[in-house]
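In: Sequence below, structure please.
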Amino acid sequence: MTFSHDLTSPVDGAEPSPVLDAIRAASNRPVSRAAALSVPAVLRGRNLLCSIATLPLVTRDRARVELRTPLLEQIDPNVPNVVTLSQTVEDLVFEGISWWQVTKRLANGFPQEAIHLDVGTVSLQPPADAWRKLRTLPSGQKLPAGVVWVNGEPVDGRDVIRFDSPNPGILTAAARAIRRAILLEQAAATYANDPRPLDYFRPADNADPANDDEVKQILDDWRKARRARSTAYVPASLQYETVDVPSPADLQLAQLQRQATVEIANALGLDAEDLQVSTTTRTYQNAVDRRRDRINDVLAPYMRAITDRLSMNDVTARGQAVGFNLDEYMRANPTERWTTYQTGLTNGVVSVQEVREMEGLPAVPVEPARRPRPASQPEQEPEESRMSRARTRDHNPGPSVATFDIATFSDDSAGTERIAFEIPEADANFRVDAEKRTVSGLLVPWNKVARSGWSKYRFNKDSLSWSDVSRVKLNRDHNRSEAIGYATKLESTDKGLEGTFKIARGADGDAVLMKAEDKVLDGFSIEAEFAEDGSSWARDPDDDMVRLVSDARLAGVAITGFPAFDDARVSGVKASRKDNTMAGKPDAPQGTKDTPAAGPDAETAAAFTAAVEAFTSQTGAFTDAIKQLVELQQNGGGEGPDHVDPTKRKAQFQVNEEPLYRFDGIGGKFDFSSDIIAMSKKDHDAERRVIDWIKECFEPGARFVSTGDVSSLNPARQRPDLYVDELQYPTPLWDSINKGAIGDNTPFVLPKFASSSNLVNNHTEGVEPTTGNFATTSQTITPSAVSGKVEVTRETWDQGGNPQLSVILWRQIVRKYYEALEEAAAALLESLAPTTITLTAGAVDSALASEVKQALAALQFVRGGFRFRDFKLEQGLYTALADAKDGNGRPLFPILGAQNADGTASPLFAALAIAGLAGVPSWALPFTDGTASNSYLYDREDVHGWASAPQRLDFEYRVAFVDIGVWGYKALACTRVDGVRRISYDTTSGV
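Out: Model prediction:
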């Protein structure tokens, strides 16, 4: 004979219990996703909500111009976007949280590709051996960084995108409704798959039973006879019986299933009619209005959960925002659309090109020109006004594909409206002599490396573009505030980009021409614009420190004496002056001494250049970081992504050190054994590294070093994963009487039976019965508040601690909160005045067990019968019964091999089965050795408890302290005192 307590699931192979099924249906434990999706209403609701995934995600800047974002164009390169977004929305609906992992980034650090992670594979709590996988300093000190664990492996929090739903997950919040729907479906399937017979035959008394063939023949004859006539005749050897079984209609299964579907619709936030349950008599509704209502009332929380997270600065650059494009979803009928377009065209709000784009039509080459003003108008616009209007129209290009990191010039692209000046031909006497006042040469050679600041660039052939040749201005030494010329010719050759510039007249232009002729200003330096999304360039496959440019815009050119490319030299100077003293001259050899310039000698300059190149070649990552830092300070903000830690709410800092050699299995910058082998093969660099490291580590001054000498370098290891917390008490009393939650301290009243008399008596013929009496009463239950507070100094609060102080402090407060509820339940039982069963003081073994059994058996004869199912024992009585033995020394309540015993004990003495009743120990019931202590036997339907969940309150209104408070409400009551029995027992005889 075995005993088990608190059985939560049926034993395999056992018959399902209706009681257990009802308990599970009322339980709020989360259901599995597979079980939830097996309910058709949940599946349809999920599909409706996941229709968000069919809406395209777009990125817009502050001017509401759509931008190209590689991440949104294809999130996972192996999975369609609609699948990835559907999985994300499904996680938000079911679990309330979803995860992406960034697998690839753009050159500017923003995510380019990501994969969706299964919620079950992600955890914020590290596994037991997590400390072995985390990066550590040489002393073993862990690095402070947000870590998310995916399949038991640590992933940097920077590479994880966490989505949180504003709504609770339905697997928990709607668990009861889903379980009821499953049970109702199972009940309907039972009636469909195994219908009960409506009638049957059985042999009459003293009749011989028929064999199988005879039974089959009897039933066939009965069916044929019923088809022929309704009146039947039953032979004397058979007895006809009917079965009175309720039908599905009698059980109202259809109505119950309909109600379950309505509850699921409410949990999902959907209209019940969306799940094919008619609740109104509406026969018509505008489709656009219905879609708008669904967006605003149902889909908006999940859409904002996705777009708000993707708009954060670790995914999207500042000034940009991600949103769903609802144009197709909210598209009206053609008549309404074209009426709206006509109004927009008339008012000048939209153009024909924009209308065609909204309708998905191909672009037209040129928009129809506007009708000119009538000639009769005498007034003319001032020239400045017309030029301003022209600039405004030129700066109104079509939809932009990419934005640039500096101010861009207007582009004369298709669709831009141009305004011509109506000037008489005689006044427009412009002369351009391409052979006078020009400088020309190679602007940038293709496929050669040059440096700009801390970065290196190499331009592919034809990688530069411009809108109009004359708009490419020439300045001096990159002074963009004042141009000195403009381009008259730009030509891409096999060697590079050649250019010719016309120099403006004036003192500045003359000075530039003279210095160009004297070989002082004899080089060009280009000014290029790159796309913000990093698509203009990529890492050079031959040298990862070089940025290989594939698509950039030529914003301007500077004439300088120190070009970025040594080949970018002025090849010719042509000038036109009054004295015509300047003439074109070819480049002189590099060694000519026409005009000596002050500066360092060649040897010094070569040494400095070699030193800079050696430094930058060894510090590729460092130089990129310095470049980003300089841009950050100059622009007042960063173009790279921010760090958003999905595990915490505070910014985290990471320390990455890379020693020359490491011997802890992780590995340093170089491998010591590999360098030793390379030394033997005459690798001088490896030899230098090894010798320098040996000298540094084993020099005479450091020969005798003890741990005391370097104690400051080896701090004590902090092991927050081994934090020793206070143990948790079980709460059997509170768990048995807990009836749910309350929100405030409003009293509530329960009606109760009070008394009755003379309701039924023996009747005397001709005599009217005596009037009986029946009375009721009520019981008012008043909740009370539970509170607590801890003061933490501001210094301690700011330090945080490891593990986090606020986390372990709140965990301790919650522990004490539920222990207080357990003690309150014990105090309620102690305050009652129920019938007391007093056991013999000092009784042990079989005598004690016999008294307990007699007391339990006597309860079969009280009103209501033996309805007591909760038996909570104090320490004295429980230990005495657990150790009880018979006259032969055998345990009366054995754990194993129970034979001829009064009951059993569960493993580790977690409970005692006394005559089939589970006796559970309770630490909260008072016990004092040598005095009588009380155990309790009660019906949980007569003892009640309600309590709210502990509410955390953080107050930072004071300067020196931060208060962490807890607040809640509890209510306990006994509605029927005769539903409780007190069992008093004294461990000593008292003699």
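
In: Can you tell me the SS state at residue 562?
Out: coil (DSSP: H, G, I helix; E, B strand; the rest coil).

In: Just give the number of residues close to it.
Out: Residues within reach of residue 562, counting by other CB atoms under 10 Å, total 10. Where C-beta positions appear, they are placed from N, C-alpha and C, glycine not excepted.

In: so it touches residue 523, yeah?
Out: Yes. If you go by CB atoms under 8 Å, residue 562 and residue 523 touch, sitting 6.7 Å apart.

In: anything in contact with each of the two?
Out: Counting by CB atoms under 8 Å, 6 or more residues apart in numbering, no residue touches both residue 562 and residue 523.

In: So what's the gap between the helix or strand harbouring residue 187 and the chain middle?
Out: In the assignment (DSSP states H and E), residue 187 maps to helix 175-193. From the chain centre to the centre of helix 175-193 is a distance of 33 Å (CA atoms, centre = their mean, to the nearest Å).

In: and that helix, what's its mean pLDDT?
Out: Predicted confidence along helix 175-193 averages 77 (mean pLDDT).

In: So for the residue nearest to residue 977 when sequence neighbours are not counted, what's the pLDDT?
Out: Sequence neighbours aside, residue 834 is the residue nearest to residue 977 in space, at 5.4 Å (criterion: CB to CB, 6 or more residues apart in numbering). Residue 834 is assigned 93 on the pLDDT scale.

In: Residue 674 versus residue 834, what's the distance?
Out: 82 Å (CB to CB, to the nearest Å).

In: got it, and residue 223?
Out: Residue 223 is 91 Å from residue 674, where distance means CB to CB.

In: What's the local residue count around the residue nearest to residue 551 when sequence neighbours are not counted?
Out: The shortest distance from residue 551 to any non-neighbouring residue, by CB to CB, 6+ apart, is to residue 536 (5.1 Å). Counted by other CB under 10 Å, the residues lying close to residue 536 total 21.

In: what about residue 536, distance to residue 67?
Out: 14 Å.

In: Using the record, which stretches count as separate domains in the chain?
Out: The chain breaks down into these domains under automatic domain parsing: 31-138+147-196+245-331, 438-587, 655-705, 807-985.

In: can you list these in a markdown table and add distance to residue 797?
Out: Below are the domains of the chain laid out as a markdown table (distance: least, CB to CB, whole Å):
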| stretch | distance to residue 797 |
| --- | --- |
| domain 31-138+147-196+245-331 | 22 |
| domain 438-587 | 40 |
| domain 655-705 | 24 |
| domain 807-985 | 4 |
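
In: For the nearest residue to residue 782 once chain neighbours are set aside, grab phi and psi.
Out: Nearest residue to residue 782 in three dimensions, chain neighbours excluded: residue 747, at 4.4 Å (CB to CB, 6+ apart). In terms of degrees, to the nearest 10, the main-chain angles of residue 747 are phi -60, psi 150.

In: Hmm, residue 784 and residue 747 touching each other?
Out: No. With contacts counted by CB under 8 Å, residue 747 stays clear of residue 784, the gap being 10.5 Å.

In: All the helices of the stretch 251-400 of the chain, residue numbers only.
Out: With DSSP state H, counting those that start in this stretch as the definition, the stretch 251-400 of the chain shows helices at residue ranges 253-268, 287-294, 300-310, 334-347, 352-358, 383-394.

In: Looking at the ones you listed, spot the one closest to residue 790.
Out: For residue 790, the closest of the helices of the stretch 251-400 of the chain is helix 300-310, at 33.6 Å, according to CB to CB.

In: who's in contact with that closest one?
Out: Here helix 300-310 makes contact (CB under 8 Å, 6+ apart) with 49, 52, 55, 57, 72, 85, 88-89, 92-93, 161-167, 269, 295, 315-316, 321-324.

In: Just the CA coordinates for stretch 151-170, please, in CSV.
Out: Only the C-alpha atoms of stretch 151-170 are listed here, as CSV (Å, rounded to 0.1, in the frame of the first residue of the first chain):
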residue,chain,number,x,y,z
ASN,A,151,20.4,27.5,-25.2
GLY,A,152,22.6,27.7,-22.2
GLU,A,153,25.2,29.8,-24.0
PRO,A,154,26.0,33.4,-23.0
VAL,A,155,25.1,36.1,-25.6
ASP,A,156,26.1,39.7,-25.2
GLY,A,157,23.0,41.8,-24.4
ARG,A,158,24.0,44.2,-27.1
ASP,A,159,23.3,41.4,-29.7
VAL,A,160,19.8,40.7,-28.3
ILE,A,161,16.7,42.7,-29.1
ARG,A,162,13.9,42.2,-26.6
PHE,A,163,10.2,42.9,-27.4
ASP,A,164,7.8,43.4,-24.5
SER,A,165,4.0,43.3,-24.9
PRO,A,166,1.9,45.8,-23.1
ASN,A,167,-0.7,43.1,-22.6
PRO,A,168,-0.2,39.9,-20.5
GLY,A,169,0.4,36.7,-22.3
ILE,A,170,-2.8,34.7,-22.7
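
In: For that stretch, list every residue counted as buried.
Out: When burial is assessed from 16 or more other CB atoms under 10 Å, stretch 151-170 yields the following buried residues: 154-163, 165, 169-170.

In: Would you report which members of these are assigned to helices?
Out: Residues from the buried residues of stretch 151-170 lying in helices, with DSSP state H as the criterion: residue 170.
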